[in-house]
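Colleague: what would the 3D arrangement of this be:
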Amino acid sequence: MKNEQSIDGEKGDQIINSQMIINNVLIDGRSTGLLGRVFLKFVMENGGDLQFENDCEFQIGDSVGVRFQSSKPNKMINYQLFGEIYKIKSNKIIISIDCDDPTLFSSFGQPYKWVQEDYSFIKFSIDKINFNENQNKILKETLESLNGVNGYEKYKSLFEDDNNNDNICTTKDQFKNSEIILKDLENNIINNNQDIIKINNSNNTCKVKTITDIIKHLIKSNDKNKILVYSSSNESIDFICNSLYDDKNNNNNNNELITKIGSPSEIKNISLEYKIKHSEGGKSIKQIKQDIIELANNTLDSKKSDINSSISKITSLKKDLNKLEKSLINKTINESRIILSSSNINSLDKFLKDKNDFDWVIIDESNLILDKTCLVPILKGKKLIVISDYHN
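Modeller: Presented below is the predicted three-dimensional model:
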């Protein structure tokens, strides 16, 4: 990264890439997601395309900081919030914020008072940053937990060079038919006693197909197999989702067993947010959120003697909301056999925190293995498949 600057203060390990900036954006919409996730939509004042500095590129899952346009990106105190990119188009960007306060959108929602109507015309800048404090905390806990993992030695091979190719299976250019690919891979995956299998692939197009075929084969070989697929590329995960969803051998019931967490999906009805929203408990979640916001707004005009009562009711409703959402999330994930994620470590840990029962974890792009964030999905499964292109 170029022009990196360390931030002063307690969070001095934070790094800001000053070249990765979106300028002159306004808040245009707000909504809430699961487990306190909040979505803020930013657009240009004139409705035109977003203004990027130095033709920088932002991607879904990137960690970002939001500050007032007039402030500078080198002081932690200048940032109003930190989050990750949930969706980005040429003319809008939606940022996901982890916040357990559903009253964020009312004046009662301190310290986010700047989202009130009075601030609706203030311009903001969005900077791409490195891991925020919560991510570093999750990573620290994950690294510490490695010491208690049975067979920890097997993970060391992920960080050693590939001179020892005993666990590497390479697909060839002529392998275009899925039956041929699977015949070659079966002994290296299904019947392999190793906990880690690395697969080198000839090209990116074939890689997506290989991943999809492996998933199908794992499911077909054992109707109880549970699979977690992780990639840094939302586009790659969407390709896999589309292939699994559109497969002629899958019926609607099978499609219900596929769930994508974190970032939005091209196929709306396989995303976790969509499934929860349209579940039996979805209406209850919506009603509780409305009750919380209504109570919070009414508190502004209440007498001091009534404020404590309102706060108590809001706290109770928030507990009910959190309990209901966790219950529905666990139910949905438990019923799904294929979980896909391209999200960063925050969302992955939030939705899969207590889920360590995956039979298989598939990592798309072997260079991710050298990224410490990959330790979270690695620890979720019994066996690991790492798939890469030759250039990785």
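
Colleague: now the helices for the stretch 1-150 of the chain?
Modeller: 133-145 (DSSP state H, counting those that start in this stretch).

Colleague: could you pull out the strands for it?
Modeller: Secondary structure of the stretch 1-150 of the chain (DSSP state E, counting those that start in this stretch): strands at 4-6, 15-32, 37-44, 51-52, 63-68, 79-89, 92-98, 124-129.

Colleague: would you turn the ones you listed into CSV with distance to Ser243, mean neighbour count and mean pLDDT?
Modeller: C-beta coordinates here come from the backbone N, C-alpha and C atoms, glycine included. Shown next, in CSV, are these (distance: least, Cβ to Cβ, whole Å; neighbours: other Cβ atoms under 10 Å; pLDDT from 0 to 100):
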stretch, distance to Ser243, mean neighbour count, mean pLDDT
strand 4-6, 38, 12, 34
strand 15-32, 30, 17, 76
strand 37-44, 28, 20, 88
strand 51-52, 32, 14, 82
strand 63-68, 29, 20, 86
strand 79-89, 22, 20, 85
strand 92-98, 26, 21, 88
strand 124-129, 30, 22, 87
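
Colleague: and the residue nearest to Lys380 when sequence neighbours are not counted, how many residues sit next to it?
Modeller: Nearest residue to Lys380, sequence neighbours excluded (Cβ to Cβ, 6 or more residues apart in numbering): Phe358, at 5.0 Å. Around Phe358 there are 23 other residues, counting by other Cβ atoms under 10 Å.

Colleague: Phe358 reaches Leu384, doesn't it?
Modeller: No. At 9.8 Å, Phe358 does not count as touching Leu384 under the criterion of Cβ atoms under 8 Å.

Colleague: got the domain boundaries for the chain?
Modeller: According to the TED database, the chain comprises the domains 18-130, 147-257+337-389.

Colleague: for those domains, which has the smallest mean pLDDT value?
Modeller: The weakest mean pLDDT among the domains of the chain belongs to domain 147-257+337-389, with a mean of 65.

Colleague: if we can go back for a sec, wait, which of the strands of the stretch 1-150 of the chain is closest to Ser231?
Modeller: Between Ser231 and the strands of the stretch 1-150 of the chain, the tightest spacing by Cβ to Cβ is seen for strand 79-89, at 15.3 Å.

Colleague: partners of that closest one, with directions?
Modeller: strand 63-68 (antiparallel), strand 92-98 (antiparallel) (DSSP bridges).

Colleague: show the contacting residues for the closest residue to Lys92 other than its chain neighbours.
Modeller: Nearest residue to Lys92, sequence neighbours excluded (Cβ to Cβ, 6+ apart): Val43, at 4.9 Å. By Cβ atoms under 8 Å, 6 or more residues apart in numbering, Val43 lies in contact with Val25, Leu26, Asp28, Leu50, Asn91, Lys92.

Colleague: for Ile60, same thing?
Modeller: Ile85, Tyr86, Lys87, Ile88, Asn234, Ser263, Pro264, Ser342.

Colleague: can you rerun that using 10 Å?
Modeller: By Cβ atoms under 10 Å, 6 or more residues apart in numbering, Ile60 lies in contact with 84-88, 94, 96, 232-235, 237-238, 262-264, 342-344.

Colleague: distance of Asp291 from Asn297?
Modeller: Look at Asp291 and Asn297: by Cβ to Cβ, to the nearest Å, they are 11 Å apart.

Colleague: if we can go back for a sec, redo the strands paired with strand 79-89 as TSV? Include distance to Thr315.
Modeller: Shown next, in TSV, are those (distance: least, Cβ to Cβ, whole Å):
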stretch	distance to Thr315
strand 63-68	27
strand 92-98	19
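
Colleague: nearest to Asp223, out of these?
Modeller: For these, proximity to Asp223 was assessed by Cβ to Cβ; strand 92-98 is nearest, at 34.2 Å.

Colleague: run the angle between that closest one and strand 37-44 for me.
Modeller: 150 degrees (axes from the mean of the first three to the mean of the last three Cα atoms, to 10 degrees).

Colleague: please, where are all the strands along the stretch 201-350 of the chain?
Modeller: Using DSSP E, counting those that start in this stretch, the strands found in the stretch 201-350 of the chain span residues 227-231, 258-261, 338-341.

Colleague: mind putting the strands of the stretch 1-150 of the chain in TSV, distance to Gly282 included?
Modeller: Below are the strands of the stretch 1-150 of the chain laid out as TSV (distance: least, Cβ to Cβ, whole Å):
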stretch	distance to Gly282
strand 4-6	43
strand 15-32	13
strand 37-44	15
strand 51-52	36
strand 63-68	29
strand 79-89	19
strand 92-98	19
strand 124-129	31
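
Colleague: partners of Gly381 in the sheet?
Modeller: With DSSP bridges as the rule, Gly381 is bridged to Phe358.

Colleague: from now on call the first residue 30
Modeller: Shifting the count to begin at 30 puts that one at Gly410.

Colleague: touching, it and Trp389? I think so.
Modeller: Yes. Contact criterion Cβ atoms under 10 Å: Gly410 and Trp389 qualify, at 5.8 Å.

Colleague: who touches both of those two?
Modeller: Lys255, Ile256, Leu257.

Colleague: any idea how far the first one is from Ile343?
Modeller: As defined by Cβ to Cβ, Lys255 lies at a distance of 37 Å from Ile343.

Colleague: same deal with the second one?
Modeller: Plainly put, Ile256 is 40 Å away from Ile343 if you go by Cβ to Cβ.

Colleague: for Ala325, same thing?
Modeller: 6 Å.

Colleague: just Ile106 next, same as before
Modeller: Taking Cβ to Cβ, one finds Ile106 at 28 Å from Ile343.

Colleague: who has more neighbours out of the two?
Modeller: Neighbour count, other Cβ under 10 Å: between Ile106 and Ile343, Ile343 has more, with 20 against 11.

Colleague: how much space between that one and Asp349?
Modeller: 11 Å.

Colleague: same deal with Leu369?
Modeller: For Leu369, the distance to Asp349 - Cβ to Cβ - is 30 Å.
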